[in-house]
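# Kindly return the folded structure for what I paste below:
(chains A and B)
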Amino acid sequence: MAVYEQLYRRYQGPETPRATRFLVIPRYAYQRLFGSKLWWVLLAASGLTTLVFAVLIYLRHNARALAVFGLTADDLARVIPIDAGFFATFLGIQFFLGFLVVLVAGPTLVSMDLANGGLPLYLARPISRPEYLVGKFAVLGAALSLLTWGFGFLLIALQASLEGAGWVLANARVVTALFAGSWLWILVMSTMTLALSALIRWPLAVRGVLLALFILLPGFGQAVYHGMHQPWGLLLDLETVFETALKGLFGLPLGDAPPLAGTWTVLLGIVAASVVILARKLRAYEVVS
Amino acid sequence: MTDPSRHPAAGGSPPPTEAGSPVVELEGLEVRFGHLRALRGISARLTGNAIGLLGPNGAGKTTLLHTLLGFYRPAAGTARVLGHDVTHHSKQVRALLGYMPEREAFVAGMSGVRFVRLMAELSGLPPEQALERAHEALHYVGLGEARYRPMESYSFGMKQLAKLAQAIVHSPRLLLLDEPTAGLDPPARERMLRLIKEIRDTGEVRLILSSHLLRDVEECCDEVLVLKAGDVAAMTDLAEERRTNRRFLEIETQGGNGSFPEAVRALGCELAATTPTRIKAVLPEGVGIDAFYRLAAEHGVQLRRLAFRRDSLEDIFLEAMEGAPVTETMGPDTGEERTDGGL
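Residues are numbered from 1 along each chain as shown, chains lettered A, B, ... in the order given. Reported below is the predicted structural model:
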């Protein structure tokens, strides 16, 4: 119909299913994310990292290719064994790149709606607060999944195809740890970023706080640990906390690390606190009693 | 905005509600914010096609709208919108509503058309139809030329129009408009009111207009709920008031021998507050204004003023603000029939 008519008429067309309607939220957020050059740079960096690890797996199984470098498969296996440590290292690098993705995409997700009063418009429609939250979480969840267990499973598939299907069964803990470790990190990072975004409402400040949490707080934690000989000081170092939890999942030796139970308590505590903040802040209108 | 013939087999939004059926039913509705009782157990049954919510700042108008939207949970009582309980069927209720908030509301970093399209998709329109409707809605409200501009660059008036566009894009059955003309300059205000009346007159959507501006409500609404300090101060069928006012005549005369009032009474008119020169008369059916000219000529009386009663809403509002809260008044008259002193 021609727009020049400018008459109000009722819409009588089809409607989308109510159960999946909240997926509109991440779709619009992805369009914004995909418009960011930084996202594509980080995705390329993550893909390149995966490619390097894939090449190492390939070389480990290709004697002729190794011979070009004057190496044998055993030489490579000694230097870079394809084991739990190999995949934990891969995940550690992807976590770093994922953190940069969180800095790019996370702080604007909720704050843009809260800062300009957009949230009541979402919630005045048949979208519940949990659906809104899941929709926003899905943006980071999907992007970070691709970088972590998504690319990680590609490596596992390559390793399994070269080593034989039995490798997966023999290394079920590695596969499980890769998936569970990724999701633990995604859950903590996403909920924490959304909560900070809802609390601070200023993307630049949210980025500052995130950087402080991962740069300044660890420094303070290390000072407490080394200066005051307090082991709980390491629990303030989120990078160490994640690393320890990951080592626990992969079954790697913990070494000089904070207690495993403590790390899990910290991580789940962050998630719980973030959910509480989101439940209080993600309202159409805040009521000051 | 969309030609219905283009979607002959489609489901789409349900048809508009039958005129006269209840739009909002409140029973002892109480909303609390901590110790503050924002709505104090109000009861009302609103059936108008265009319902005005009147009241001074802090009367509870916006709180009532937000409660209908499911933003606030009632501490006691119930509220039903188009037959659905707002507490237990909040999503179903919101699927029927279009909401234009009072405060600034937009999603940053989006053009007008993208913003309205997002809102349409959240209301259940498929992407293609949502885009088409977004274009049409923005054209309809007069933002056609500005629809690709980022919303941050819109003026206040343009943002108000964009809020209206997002509220109507999905064809709601009930439109909630919270102070739609607040802060607008006179031309923008006239434009907003014209759009609201146009939408009302289509009969496709019923609306609730919250305002503290009497003229806005008087122009657009046929039923009014006056709130005061979280309570119902008055409830009036404006359409009936207008019909009644057309029968209520105020006459000012000069000259004659004093027999004119009796002659008017003899026409079958009911007289109120009569003095020899000022008469207030309720016209019976079948008696037109020409009869008064005839009578005046017969009795040698000069008619200095002959006017139908006006400003009923202002009277009602002022009385409601002065008086104690009441549950309901339906007024064909000047207030004598009101039972409990509120109006």
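# got the contact list for A:Ser182?
Listed by Cβ atoms under 8 Å, 6 or more residues apart in numbering or on different chains, the contact partners of A:Ser182 are A:91, A:144-145, A:148-149, A:152. All C-beta atoms are positioned from the backbone trio N, CA, C, and that covers glycine.
# What about those, which are in helices?
A:91, A:144-145, A:152 (DSSP state H).
# Specify which member of the residues you listed is nearest to B:Met151.
Closest approach between these and B:Met151, by Cβ to Cβ: A:Leu144, at 29.2 Å.
# okay but the closest one is in contact with A:Met189, surely?
Yes - the pair A:Leu144 / A:Met189 is scored as a contact, 6.9 Å apart, by Cβ atoms under 8 Å.
# if I look at the two, which residues touch both of them?
Applying Cβ under 8 Å, 6+ apart, one finds that A:Leu144 and A:Met189 are jointly contacted by A:98, A:102.
# more neighbours, the two?
The residue with more neighbours, out of A:Leu144 and A:Met189, is A:Leu144; 27 against 24, by other Cβ atoms under 10 Å in any protein chain shown.
# List the contacts of that one.
Counting by Cβ under 8 Å, 6+ apart, A:Leu144 touches A:98, A:101-102, A:182, A:185-186, A:189-190.
# can you check B:Leu29 too?
B:39, B:41-43, B:64, B:67, B:74, B:76-79 are the contacts of B:Leu29 under Cβ under 8 Å, 6+ apart.
# So which bits of the strand or helix carrying A:Ile93 are buried?
Assigned by DSSP states H and E, A:Ile93 belongs to helix A:84-115. Residues of helix A:84-115 classed as buried by neighbour count (16 or more other Cβ atoms under 10 Å in any protein chain shown): A:84, A:86-88, A:90-91, A:93-95, A:97-115.
# Out of these, which are close to chain B?
Counting by Cβ under 8 Å from any Cβ of the partner chain, A:108, A:112-113, A:115 from the buried residues of helix A:84-115 sit close to chain B.
# Return the member of those residues nearest to A:Ala284.
Closest to A:Ala284 out of those is A:Asp113 (10.7 Å), distances taken as Cβ to Cβ.
# Verify the stated contact: that closest one with B:Phe106.
No - counting by Cβ under 8 Å, A:Asp113 does not reach B:Phe106; the two are 9.5 Å apart.
# Need the residues that contact stretch B:144-156.
Stretch B:144-156 is touched from outside by A:3, B:106-113, B:115-116, B:134-135, B:138-139, B:158-159, B:162, B:183-184, with contacts defined as Cβ under 8 Å, 6+ apart.
# One more pass at 6 Å, please.
Stretch B:144-156 has contacts (Cβ atoms under 6 Å, 6 or more residues apart in numbering or on different chains) with B:106, B:110-113, B:115, B:138, B:183.
# Keep only those that also lie close to chain A.
B:Phe106 (Cβ under 6 Å from any Cβ of the partner chain).
# hang on, the earlier thing: narrow the contacts of B:Leu29 to those that are buried.
By neighbour count, with 16+ other Cβ under 10 Å, the contacts of B:Leu29 hold B:39, B:41-42, B:64, B:67, B:74, B:77, B:79 as buried.
# Break down the stretch 151-289 of chain A into its helices, ranges please.
Secondary structure of the stretch 151-289 of chain A (DSSP state H, counting those that start in this stretch): helices at A:151-163, A:166-170, A:172-200, A:203-228, A:238-250, A:260-281.
# Include mean pLDDT when you put the ones you listed into a markdown table, please.
Putting these into a markdown table (pLDDT from 0 to 100) gives the following:
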| stretch | mean pLDDT |
| --- | --- |
| helix A:151-163 | 95 |
| helix A:166-170 | 91 |
| helix A:172-200 | 96 |
| helix A:203-228 | 88 |
| helix A:238-250 | 92 |
| helix A:260-281 | 94 |
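# coming back round to it: looking at the contacts of A:Leu144, which is nearest B:Ile208?
Closest to B:Ile208 out of the contacts of A:Leu144 is A:Ser190 (38.4 Å), distances taken as Cβ to Cβ.
# So that closest one sits against A:Lys136, correct?
No - with contact defined as Cβ atoms under 6 Å, A:Ser190 and A:Lys136 do not form a contacting pair (8.6 Å).
# who's in contact with the nearest residue to B:Phe71 once chain neighbours are set aside?
The shortest distance from B:Phe71 to any residue other than its chain neighbours is 4.2 Å, reached at A:Ala284 (Cβ to Cβ, 6 or more residues apart in numbering or on different chains). With contact set as Cβ under 6 Å, 6+ apart, A:Ala284 has these partners: A:120, A:123, B:71.
# ok, now how distant is the residue in the stretch 1-150 of chain B that chain A sits nearest to from B:Ala75?
Chain A sits closest to B:Gly34 of the stretch 1-150 of chain B, with a gap of 2.9 Å, by Cβ to the nearest Cβ. Separation of B:Gly34 from B:Ala75 (Cβ to Cβ, to the nearest Å): 11 Å.
# for chain B, what spans make up the strands?
Taking DSSP state E as the criterion, chain B contains strands spanning B:24-33, B:36-46, B:50-54, B:76-81, B:84-85, B:97-100, B:174-178, B:206-211, B:223-228, B:231-236, B:248-254, B:270-272, B:278-282, B:302-308.
# so what does the third one touch, helix or strand wise?
Using 3 or more Cβ pairs under 6 Å, 6 or more residues apart in numbering or on different chains; DSSP states H and E as the contact criterion, the neighbours of strand B:50-54 among helices and strands are strand B:206-211, helix B:214-220, strand B:223-228.
# residue closest to the middle of chain A?
A:Ile186 (3.3 Å; Cα atoms, centre = their mean).
# From the ones in helices among the contacts of A:Ser182, pick the one nearest chain B.
Distances from chain B to those, taken by Cβ to the nearest Cβ, are shortest for A:Leu144, at 21.7 Å.
# Identify the residues contacting B:Asn49.
B:Asn49 touches B:206, B:222, counting by Cβ under 6 Å, 6+ apart.
# count of neighbours near B:Gly203?
Quick note: B:Gly203 (other Cβ under 10 Å) scores 11 neighbours.
# Now do the helix holding A:Ile93 and helix A:238-250, the angle between them.
Interaxial angle, helix A:84-115 versus helix A:238-250 (axes from the mean of the first three to the mean of the last three Cα atoms, to 10 degrees): 130 degrees.
# Which elements pack onto helix A:84-115?
helix A:37-60, helix A:129-145, helix A:172-200, helix A:203-228, helix A:238-250.
# So which residues of chain B form helices?
For chain B, helices defined by DSSP H occupy the ranges B:61-68, B:90-95, B:112-122, B:127-141, B:156-168, B:186-202, B:214-220, B:238-245, B:260-266, B:290-299, B:312-322.
# what's the closest of the ones you listed to A:Leu234?
Shortest separation from A:Leu234 across the helices of chain B is recorded for helix B:112-122, at 44.4 Å, computed as Cβ to Cβ.
# pLDDT averaged over that closest one - what is it?
Taken as a whole, helix B:112-122 has a mean pLDDT of 96.
# By neighbour count, which bits of it are buried? Give me those.
Across helix B:112-122, burial judged by 16+ other Cβ under 10 Å covers B:112-122.
# tell me what it is packed against?
Using 3+ Cβ pairs under 6 Å, 6+ apart: helix B:112-122 touches helix A:24-34, helix B:127-141, helix B:156-168.
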